[in-house]
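K.L.:
what follows is a predicted protein model with its sequence.
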Amino acid sequence: MLASLTREILQSLRVALQALGAYALFFVRLLGEVPRTLLRFGLVVEQVHNAGALSLVIIMLSGLFVGMVLGLQGFDLLERFGSEESLGSAAALGLLKELGPVVTALLFAGRAGTALASELGLMRATDQLAAMEMMAVDPVRRVVVPRFLGGVLSMPLLAAIFSLIGIFGAQLVGVQLMGVDSGQFWSQMRSAVEFGDVMEGVVKSCVFGVSCSLIAVYEGYHAVPTAEGVGRATTRTVVISSVVVLLLDYLLTAAML
């Protein structure tokens, strides 16, 4: 019994290491094609629109409601200690350093990541990628890298919009509904938030953008060319991206502290 359990654990560890190596090799391949892809920057701009602009509605709505909930919970907590005027700084730090990058990455994986994986998987299933190879067109350079760069460039912008809308939602609840003084709300925020806090959120959003985009294009490009394979690749994209985002969030937070 113990030997069987140990063997299964070692087998799972070996499979995980193999997958990690495959992701690393694919990432290196993408990086090698980036300079040539940037010469056709219109392809990248189109993918920024698909991955970023088309995700704005869900990002803005989610940011607004997260900020409003943060305003309610923050006011209730700070009121117990007589520090309601610190609501602005608490909301801003929570959104800029943690909630903004993490929630945006999870939403990005659920919306744009699945779109990238399913699109590439469908191209694999319908032999479009094979047709490109037969015409001496590198599908990685022509199809995969623009989508990867589009996701990488979109993530920090979406995270910034999420944080700004969230701060507005917290201000809306704290000032307009709960009666926190507007001047204290913004002055406490300006005095508490430093440049390093903003950069922490930027670094996290950039790392999450690379990881989520890499997982999406890898799973889609290597999907089994069947309807079931495309669905499985889409599901794996969401699951793996969510776990990786939370793991990287802990590692980055620990490193930056």
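P.N.:
Structure's in. What do you need?
K.L.:
give me the below-cutoff pLDDT ranges for the stretch 51-200 of the chain.
P.N.:
By pLDDT under 70, the stretch 51-200 of the chain has no low-scoring segment.
K.L.:
mind doing that once more with 90?
P.N.:
Flagging of the stretch 51-200 of the chain using pLDDT under 90 yields the residue ranges 51-54, 74-88, 125-139, 141-142, 174-185, 187-188, 190-193, 196-197.
K.L.:
can you map out the helices along it?
P.N.:
Under the criterion DSSP state H, counting those that start in this stretch, the stretch 51-200 of the chain contains helices at 56-79, 87-94, 100-108, 114-125, 128-134, 139, 145-171, 182-192, 195-221.
K.L.:
now do the phi/psi pair for residue 39.
P.N.:
phi -70, psi -20 (degrees, to the nearest 10).
K.L.:
quick check: pLDDT value at it.
P.N.:
The score at residue 39 is 84. That number is its pLDDT.
K.L.:
how many other residues sit next to it?
P.N.:
If you count neighbours by other Cβ atoms under 10 Å, residue 39 ends up with 7. C-betas here are computed from N, CA, C, even on glycine.
K.L.:
quick check: it vs residue 183, distance?
P.N.:
51 Å (Cβ to Cβ, to the nearest Å).
K.L.:
also residue 13?
P.N.:
The gap separating residue 13 from residue 183 is 56 Å, by Cβ to Cβ.
K.L.:
how about residue 4?
P.N.:
In terms of Cβ to Cβ, residue 4 sits 67 Å off from residue 183.
K.L.:
show me which of the two is the more surrounded one.
P.N.:
Relative neighbour count places residue 183 above the other of residue 4 and residue 183, with 11 against 8, counting by other Cβ under 10 Å.
K.L.:
now do the contacts for that one.
P.N.:
Residues near residue 183 by Cβ atoms under 8 Å, 6 or more residues apart in numbering: none.
K.L.:
ok, now residue 159?
P.N.:
Residue 159 touches 100, 101, 104, 105, 201, 202, 204, 205, 208, counting by Cβ under 8 Å, 6+ apart.
K.L.:
wait, what's in contact with the closest residue to it other than its chain neighbours?
P.N.:
Excluding the flanking residues, the one nearest residue 159 by Cβ to Cβ, 6 or more residues apart in numbering is residue 205, at 3.8 Å. Counting by Cβ under 8 Å, 6+ apart, residue 205 touches 100, 101, 104, 105, 155, 156, 158, 159, 160.
K.L.:
quick one: secondary structure of residue 223?
P.N.:
With DSSP: H, G, I helix; E, B strand; the rest coil as the basis, the three-state label of residue 223 is coil.
K.L.:
give me the phi and psi for it.
P.N.:
The phi/psi pair for residue 223 (degrees, to the nearest 10) is phi -70, psi 150.
K.L.:
quick one on the thing from earlier: how about CSV for the helices of the stretch 51-200 of the chain, with distance to residue 47 added?
P.N.:
Below are the helices of the stretch 51-200 of the chain laid out as CSV (distance: least, Cβ to Cβ, whole Å):
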stretch, distance to residue 47
helix 56-79, 15
helix 87-94, 31
helix 100-108, 13
helix 114-125, 9
helix 128-134, 17
helix 139, 15
helix 145-171, 3
helix 182-192, 35
helix 195-221, 10
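K.L.:
against residue 175, how distant is residue 183?
P.N.:
10 Å.
K.L.:
likewise for residue 227?
P.N.:
On the measure of Cβ to Cβ, residue 227 and residue 175 end up 51 Å apart.
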